[in-house]
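**Student:** Provided below for reference: sequence and predicted model.
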Amino acid sequence: METLSAPVGIKDVFMHRESPSSGTVIGICGSGQMGASAASLFRRAGFSVLLWSRSPEKFPAIREQLQRMSDFLTEHFGEPSCAAGDVRLSSDLSAINLSAEYVLECIAENLDAKSQLLKQLAPAASRGAVLMSCTSGLSITEMGRRSGLGRQLVGAHFWNPSHLMPLVEVIAGEETAAGLTEQVAELLREVGKIPVICRDVPGFVGNRLLHALFREAIHLVQEGICSAEDVDTVTRLTFALRLPALGPCANMDLVGLPLVADIQGYLLADLAADSNTMPLLREMIARGDQGMSVGQGFHAWTPAQAEAQIAQRDRQIVQQLAYLRDIGRLP
């Protein structure tokens, strides 16, 4: 097992705690973008983190990734309000099973794989550890049933990049023990997150909204109404500019509900209503246009362009966080 300590962390822009719960150990399973990002978050909030990866040969790259996150957060948010914790890297789940009080599963978005991993965490559950799945929309109820650990399982959907995005969706499955979602919500508040508790439905809240937008965006390109570039331009330079200050329900109130109803009377029937993956999306995937990671999706991407786009996203999030705090939308 390897240990990575860090003296730097998130300033009070979105972390307002003095010290971590005494001795609390956070286990994180999965060292990809979401797992490493969550490890960085909890470490900077003062917790001791056990970060599990199947591949010890990835440890040097994981350490570099954590350091980059630390450097970014130090640059934009300064020093933490409490002493940072540490991250211990391990390829052995027994370390988590023996000592973690909370375990966050962050592996690939596959129900079978997540359920199988949770089964391996039964020793932690038997000690009373709280298990969390960082799924973006898979059924917590079904995951609990397949693993046999439904009473101690809660959904905790961190949004990417999780060390920056302030909100986490917290979801109880049908078998989740009473009070467990609020216990997880309190843990998240301790690290400066804003938890929203919601019912266990596919996609939860955020991804239902997001994929409704994705479906219509694909439809507009698929039908030749406009280009992908135009879809992105219209989105970025119209309603997206208002969203940090004015969510969709508040915006409907501002517009006036009678006008919203009138527009829906003629518009909804013409919107995309596909109940399966959009044809254009299937065609693009079949020909190898799978997105930024391969250099071609709706747009063409060089490695430099992809890196620049992600950097722009992160800077924009930092600016929005400062704005939202200024207007009182963040604690």
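**Tutor:** Here it is on my side, so go on. This one's a predicted model, so the numbers in the text were calculated from it and none came from an experiment. Numbers count the residues shown, from 1 in each chain.
**Student:** can you tell me which helix in this structure is longest?
**Tutor:** Across the chain, the longest stretch assigned as helix under DSSP state H is helix 303-326.
**Student:** Give the other helices and strands that that helix contacts.
**Tutor:** When contacts are defined as 3 or more CB pairs under 8 Å, 6 or more residues apart in numbering; DSSP states H and E, helix 303-326 packs onto helix 59-77. C-beta: built from backbone N, CA, C; applies to glycine.
**Student:** and the angle from the helix it packs on to helix 303-326?
**Tutor:** 40 degrees (axes from the mean of the first three to the mean of the last three CA atoms, to 10 degrees).
**Student:** pLDDT averaged over helix 59-77 - what is it?
**Tutor:** The average pLDDT within helix 59-77 is 90.
**Student:** That helix - contacts with which helices or strands?
**Tutor:** Counting contacts by 3+ CB pairs under 8 Å, 6+ apart, helix 59-77 packs against strand 2-5, helix 33-44, strand 86-90, helix 303-326.
**Student:** Once you drop chain neighbours, what's closest to the most centrally placed residue in the chain?
**Tutor:** Centroid-nearest residue in the chain, with CA atoms, centre = their mean: W159, separated by 2.1 Å. Using CB to CB, 6 or more residues apart in numbering and skipping the chain neighbours, the partner closest in space to W159 is M165 (3.9 Å).
**Student:** Could you measure from R208 over to A273?
**Tutor:** 15 Å (CB to CB, to the nearest Å).
**Student:** burial of Q290, as a residue count?
**Tutor:** Q290: 13 surrounding residues under other CB atoms under 10 Å.
**Student:** Also G150?
**Tutor:** By the measure other CB under 10 Å, the count of residues near G150 is 21.
**Student:** my read: it touches G173, true?
**Tutor:** Yes. Counting by CB atoms under 8 Å, G150 does reach G173; the two are 5.5 Å apart.
**Student:** Determine the residues that are contacts of both of those two.
**Tutor:** T141, M143, G144 (CB atoms under 8 Å, 6 or more residues apart in numbering).
**Student:** so the first one sits in a strand?
**Tutor:** Think T141. No. Counting by DSSP: H, G, I helix; E, B strand; the rest coil, T141 is not found in a strand; it is helix.
**Student:** Pull the contacting residues for the spatially closest residue to L98 that is not a sequence neighbour.
**Tutor:** Leaving aside its sequence neighbours, L98 sits nearest to P123 (CB to CB, 6+ apart; 7.5 Å). Residues counted as contacts of P123 (CB under 8 Å, 6+ apart) are S94, N97, L98.
**Student:** P123: which element?
**Tutor:** If you go by DSSP states H and E, P123 is part of helix 122-126.
**Student:** in that helix, what's buried?
**Tutor:** Residues A124, A125 are the ones in helix 122-126 that count as buried (16 or more other CB atoms under 10 Å).
**Student:** and what of stretch 124-133?
**Tutor:** For stretch 124-133, the neighbour count (16+ other CB under 10 Å) marks A124, A125, A129, V130, L131, M132, S133 as buried.
**Student:** The residues you listed into CSV, with extra columns for secondary structure, pLDDT and distance to G35?
**Tutor:** Below are these laid out as CSV (DSSP: H, G, I helix; E, B strand; the rest coil; pLDDT from 0 to 100; distance: CB to CB, whole Å):
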residue, secondary structure, pLDDT, distance to G35
A124, helix, 98, 16
A125, helix, 97, 19
A129, coil, 97, 17
V130, strand, 98, 17
L131, strand, 98, 15
M132, strand, 98, 12
S133, strand, 98, 12
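**Student:** follow-up on the earlier one: mean pLDDT for the helices and strands packed on helix 59-77: which is lowest?
**Tutor:** strand 2-5 (a mean of 50).
**Student:** That one: what's the following helix or strand?
**Tutor:** strand 25-29.
**Student:** who wins for neighbours among the contacts of P123?
**Tutor:** N97 (20 neighbours).
**Student:** Tell me which residues are up against the longest helix of the chain.
**Tutor:** Defining contact as CB under 8 Å, 6+ apart, one finds that helix 303-326 is touched by 13-14, 72, 76-77, 161, 164-166, 244, 292-293, 295, 301, 330.
**Student:** Swap in 10 Å and give it another go.
**Tutor:** Contacts of helix 303-326 with the rest of the structure, by CB atoms under 10 Å, 6 or more residues apart in numbering, involve 12-14, 69, 72-73, 75-77, 159-161, 163-166, 243-245, 291-293, 295, 299, 301-302, 329-331.
**Student:** Let me know the closest of the contacts of P123 to R199.
**Tutor:** N97 (30.2 Å; CB to CB).
**Student:** and the closest one, that one's in a helix?
**Tutor:** Yes. According to three-state DSSP, N97 belongs to a helix.
**Student:** What confidence value was assigned to the residue nearest to it when sequence neighbours are not counted?
**Tutor:** In this structure, N97 finds its nearest non-sequential neighbour in P123, 3.9 Å apart by CB to CB, 6+ apart. The per-residue pLDDT reported for P123 equals 98.
**Student:** how close does P123 sit to Q320?
**Tutor:** 41 Å.
**Student:** and stretch 269-279, how far out from the chain's middle?
**Tutor:** Here the centre of stretch 269-279 is set off from its chain's centre by 26 Å, with CA atoms, centre = their mean, to the nearest Å.
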